[in-house]
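1. Pasted the sequence and its predicted model underneath.
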Amino acid sequence: METTKRPKRRLARWLIVAALVLLCAAYFALPPVKGAVDRAAGVLASADVNAVAEYIRSFGPYAAVFSFALMTFSSVIAPLPAFLITLSNAAIFGWWQGAILSWSSAMAGAALCFFIARGLGRDVVEKFAGRGALAGVEGYFKKYGSKTILICRLLPFVSFDAVSYFAGLTPIRFWPFFLATGLGQLPATIIYSYVGGMLTGGVRYLVTGLLCLFSLAILVSIIRRIYTERQARQETEK
């Protein structure tokens, strides 16, 4: 059984590597591609829901398709705030239609992260998700075992993308991971979509600001944990 799986894993690994190489080549060799990626990253990094919503609207009849691709992109590049897309989808398409779009695109992003990790291993994953983010979720996997995916999806302060990447580094099978992700992600998606669809003006800015501060607090916590562990390791080596 194991010997039959190995050729499939090698094929999957080479397909992922080929796809990433092509994407990187397109980014550096084609100015329109580089410009589009940089603009998307810049809009998301602005933490401005209105700017993200206007950016998605600019694609007209293809706005939903582009939003799907943007959510997937934000999943692979972990530091980008995906909740901005969820709020924007609700503002553009209505809260429940936006929730469906955000949930399905987040699921696609989670699957992509899982297979990247499964095919390429931890060294490459750390380039996408960051070493600190992976270290932040590793403790949950050790503590909760098979229930980790569902529990982490229900916790808003745990990185969605880091969990998807780290799951790919574990022996967990894809379909249990995918099912737990879908169930756990649904409540947060509905809440964010309802907020994005119902709130306007200054209240939406306030909610967005609070979510950004929350995300920043998570990042600071991860950095602090890495620093503490490094200092402890240096002390033991002395």
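-> Now that the structure is in, tell me what you want to look at.

2. Only C-alpha atoms from now on, for both contacts and neighbour counts.
-> Fine.

3. Just want the most central residue of this protein.
-> Closest residue to the average C-alpha location of the chain: S75 at 2.7 Å, with CA atoms, centre = their mean.

4. Name the nearest residue to that one, ignoring sequence neighbours.
-> Nearest-residue entry for S75: G109, 5.2 Å, with adjacent residues in sequence omitted and distances by CA to CA, 6 or more residues apart in numbering.

5. Where does pLDDT dip in this structure?
-> 1-9, 12, 78-80, 146, 156-157, 196-235, 237-238 (pLDDT under 70).

6. show me what contacts the residue nearest to the centre of the chain?
-> 82, 106, 109-110, 113, 160-161 (CA atoms under 8 Å, 6 or more residues apart in numbering).

7. out of these, who's nearest L11?
-> C113 (17.1 Å; CA to CA).

8. what about the closest one, is that helix, strand or coil?
-> For C113, the assignment made with DSSP: H, G, I helix; E, B strand; the rest coil gives helix.

9. Could you measure from the closest residue to it other than its chain neighbours over to G35?
-> Among residues not flanking C113 along the chain, Y165 sits closest, at 5.1 Å (CA to CA, 6+ apart). Distance of Y165 to G35, given as CA to CA, to the nearest Å: 27 Å.

10. What of I172?
-> Applying CA to CA to I172 and G35 gives a distance of 38 Å.

11. do Y55 as well
-> From Y55 to G35 the distance is 14 Å (CA to CA).

12. who's more crowded, these two?
-> Ranked by neighbour count (other CA atoms under 10 Å), Y55 and G35 place Y55 first, with 19 against 13.

13. what sits against that one?
-> Neighbouring residues of Y55 by CA under 8 Å, 6+ apart: V43.
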